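# Quick one: sequence plus predicted model below, questions after.
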Amino acid sequence: MNCPQQEPQEKEIFFKQLFDNMSSGVAVYQPVDHGKDFIFKDMNDAGLSHCKVNKKDIVGERIKDVFPGVEEMGLLEVFRTVLQTNTPQHFRVSKYQDCRLQLWIKNFIFKLPSGEIVAIFDDITIGKKNREALTESEQRLRSLLETTATVPWELDLASGRFTYMGHQIEKILGYPAASWKDIQTWKERLHSEDRDAATEFCEMETISGSDHDFIYRAVHEDGSYRWIRDVVSVVMGKTGPERLVGFMQDITEQKEIEQEKNRLAANVHQNQKLQAIGTLAGGIAHDFNNILGVIIGFTEMVHEEIAADSTMSRDLERVLRAGHRAKDLVKQILTFSRQSQIERAPLELHPIVQEALKMLRASIPATIEIKTSIAEDCGIINADPTQIHQVLMNLCNNAFQAMEKTGGTLWVRLNTAETVPPELTNPETDFATTYIELTIQDTGLGIPQDILPKIFDPFFTTKEKDMGTGMGLSITYGIIQEYGGAITVDSKPGQGTAFHVFIPKSPLENLPPKPAQHPSPKGSEHILLVDDEDLLAEMTRHRLEKLGYTVTVKLTGCEALTAFESDPKKFDLVITDHTMPGMTGLEMSQKLLTIRPDLPIILCTGYSHQVDQEIAKAHGIMEFALKPVEKSVLAQLIRQVLDTP
């Protein structure tokens, strides 16, 4: 609201009295020598008392003459900065060594429109920490208040009414300055989520007589909200706190920048974690895939030799399923860490969801009810079915564990997405026909808000020791991100959790026909097999011999090269591992092709960041395969290579 109208002489007297009676010291300096030095123009009584000087001894004198050492303290440099930039500065001064001055804890220095420099300072022994002060005249004070971008205000604590509110408040929050009547007006215009905390903090600090600086959200007249920083000084009277004087600053833009910066930092941090997982996964993938190749290969051979309806046959089928599941897990971890390309295909999501729920129903207690709402016409996605199964099982297992002790309801919903998260927003896209939404919802304990941002972090888990790896949600997150989708989480403690998975649709309207199943093709050619894992080499030899091929096995690239050099026409095909001691499969292949450029080669690897299908073919290798290679896939590859002109 506007100050009461006063005559000019009365205003001058009023502000002169205010200047002289301020509890903070106020000194006014006139720049001289183009700002190289400053002379005292005036100082109020509090300042004279703090500095232990008389006004008649300092007015007109250079500050360096009155207080030797201020240059070394850096005070004059601050004066010059304020003079040149017209930017107010805070400056802290330790014990002045001239023995006349006590400890100054704060200086607030600013420039008047007329060019003078004003320093407002407090003596810590008095306990005053005023952040802003009125100046020596109403005109100068008014100029300062009117030109600042912040909102100056003053509140009388006895009546609870605002005695002054800067006109800038209308630009920041939309309400006219005159509408800010009292403290209740301020409370009503606070964001409902911040009201109690901001009010309690301000009241507590005011009662203790402490200046305070706090941040809250205020509701704009148009219904939006702004982030406000409020810097408040408590003016003490004879019986305690008497007035509050403060400045409101709109920091919405800074807050949004800070939030965006935090979001980007979180993304960088997440990517670093994914890279760490990738390094770990890559380190074990090669050896682990070799081990799986041996397990799966020998199991397949034994399974082929026994009766299909025997108990042993069924047991071996379970071993094979477990081996293929382990192979898929390694592939998923490499994909999750962005070190391997997964093979995707068009598929419908609802059969996978229904199959997974059948498995889940058999493994969770009857105290948990499963309810579904699955739309079978929500479209086709381009994905890997094993990955989708893994996503569904990870989320459902989490939901089950949240309700394990209390029981509850597990909801699984599949439908066309009506809305999408902001990160998927594209004004040119029709979202209702672009994404499929899979929702996994439970009625369990919920997720505490303080750990909600961490749930997709690798290795993060709240489960007891040996009860979880902390990888389930991380892998789920990596898969969906790789698909160009998103996952959102709604959760409140005691009210359950809902995971919403958004997967982009394929433009296909119908699934392509499935290829016909054929027996593994056979042959009679001579194959040179190179692999440093003797068990894997032995298993592969048995596989190939059963298909009719003659097989020569070598355990190193050097041995294979020597055997080939002795008779280059002896072998019709080379199948080689890549990661081997002494000489890699790629290096050996290049030497073989130098001897015989038409030689067909299949390069296999459990994992290597140094070679992939594109690199292999660029070096003349006809085919590339990731271990462990299934028997039928290997048989097809061999015929494809040998039968290609």
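That came through, no problem.
# what's around Glu200, how many residues?
If you count neighbours by other Cβ atoms under 10 Å, Glu200 ends up with 10. Using the backbone N, CA and C atoms, a C-beta is placed for each residue, glycine as well.
# Distance of it relative to Thr594?
Separation of Glu200 from Thr594 (Cβ to Cβ, to the nearest Å): 81 Å.
# Where do the helices of the stretch 451-600 of the chain begin and end?
Along the stretch 451-600 of the chain, counting by DSSP state H, counting those that start in this stretch, helices occupy 472-482, 534-546, 557-566, 585-595.
# Need the winner for burial among those.
Sort the helices of the stretch 451-600 of the chain by mean neighbour count, taking mean count of other Cβ atoms under 10 Å, and helix 472-482 sits at the top with a mean of 22.
# packing partners for that one?
Helices and strands touching helix 472-482, by 3 or more Cβ pairs under 8 Å, 6 or more residues apart in numbering; DSSP states H and E, are helix 252-305, helix 311-336, helix 385-402, strand 486-491, strand 497-504.
# what is the orientation angle of the longest one with helix 534-546?
For the pair helix 252-305 and helix 534-546, the angle between their directions (axes from the mean of the first three to the mean of the last three Cα atoms, to 10 degrees) equals 60 degrees.
# Provide a list of residues in contact with Val32.
Contacts for Val32 (Cβ atoms under 8 Å, 6 or more residues apart in numbering) come out as Phe38, Ile39, Arg62.
# How is the nearest residue to Gln495 once chain neighbours are set aside assigned, secondary-structure-wise?
Of all residues not flanking Gln495 in the chain, Gly446 sits nearest, at 5.4 Å (Cβ to Cβ, 6 or more residues apart in numbering). Secondary structure, DSSP: H, G, I helix; E, B strand; the rest coil: Gly446 is coil.
# what's the burial count for Gly446?
Neighbour count for Gly446, taken as other Cβ under 10 Å: 17.
# Could you check how far it is from Ile370?
In terms of Cβ to Cβ, Gly446 sits 19 Å off from Ile370.
# In what element of secondary structure is Asn353 found?
Not quite, residue 353 is Val, not Asn. Assigned by DSSP states H and E, Val353 belongs to helix 349-363.
# do Val641 as well
Per DSSP H and E, Val641 falls inside helix 631-642.
# what's the average pLDDT for that helix?
Mean pLDDT, computed over helix 631-642, is 90.
# buried sites along that helix?
For helix 631-642, a neighbour-count test (16 or more other Cβ atoms under 10 Å) marks Lys631, Leu634, Ala635, Leu637, Ile638, Arg639, Val641, Leu642 as buried.
# just stretch 594-602 next, same as before
The neighbour-count check on stretch 594-602 (16+ other Cβ under 10 Å) flags Leu599, Pro600, Ile601, Ile602 as buried.
# For the third one, list each beta-bridge partner.
Taking DSSP bridges, one finds Val574 as the beta-bridge partners of Ile601.
# That one and Ala308: what is the separation?
From Ile601 across to Ala308, the span is 36 Å (Cβ to Cβ).
# Also Asp567?
Asp567 is 42 Å from Ala308, where distance means Cβ to Cβ.
# And Thr367, by the same measure?
Separation of Thr367 from Ala308 (Cβ to Cβ) stands at 39 Å.
# Which residue of the protein lies farthest from its centroid?
Relative to the mean C-alpha coordinate of the chain, counting by Cα atoms, centre = their mean, the farthest residue is Lys56 (62.2 Å).
# Once you drop chain neighbours, what's closest to Asp442?
Ala399 (3.7 Å).
# For the residue nearest the centre of the chain, report the pLDDT, please.
By Cα atoms, centre = their mean, the chain has its centre lying nearest to Ala266, at 2.4 Å. As predicted, Ala266 sits at a pLDDT of 70.
# who's in contact with it?
Residues in contact with Ala266 (Cβ under 8 Å, 6+ apart) are Pro453.
# how about a cut-off of 10 Å?
Counting by Cβ atoms under 10 Å, 6 or more residues apart in numbering, Ala266 makes contact with Pro453, Asp457.
# From here on, call the first residue 7.
Yep, numbering from 7; the last one is Ala272 now.
# Who does the longest strand along the chain pair with, and is each partner parallel or antiparallel?
Longest strand of the chain, by residue count under DSSP state E: strand 231-242. Counting by DSSP bridges, the strands paired with strand 231-242 are strand 218-225 (antiparallel), strand 247-256 (antiparallel).
# Out of those, which is the most enclosed?
Ranked by average neighbour count under the criterion mean count of other Cβ under 10 Å, the strands paired with strand 231-242 are headed by strand 247-256 at a mean of 19.
# Please save the CA atoms from that strand in CSV.
This file holds the C-alpha atoms of strand 247-256, laid out as CSV (Å, rounded to 0.1, in the frame of the first residue of the first chain):
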residue,chain,number,x,y,z
PRO,A,247,10.3,-7.9,18.0
GLU,A,248,8.4,-4.9,16.8
ARG,A,249,8.5,-4.9,13.0
LEU,A,250,9.4,-7.1,10.1
VAL,A,251,11.2,-5.5,7.1
GLY,A,252,11.8,-7.7,4.0
PHE,A,253,12.3,-8.1,0.3
MET,A,254,10.5,-10.6,-1.8
GLN,A,255,12.3,-11.9,-4.9
ASP,A,256,10.8,-13.9,-7.7
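# Domains in the protein, by residue range?
With domains defined by automatic domain parsing, the chain comprises 14-149, 154-256, 269-342, 351-510, 532-648.
# For the first one, what is the distance to the chain centroid?
Distance, stretch centre to chain centre, for domain 14-149: 47 Å (Cα atoms, centre = their mean, to the nearest Å).
# for the record, mean pLDDT for that domain?
Computed over domain 14-149, the mean pLDDT rounds to 76.
# ok, now the fourth one?
Predicted confidence along domain 351-510 averages 82 (mean pLDDT).
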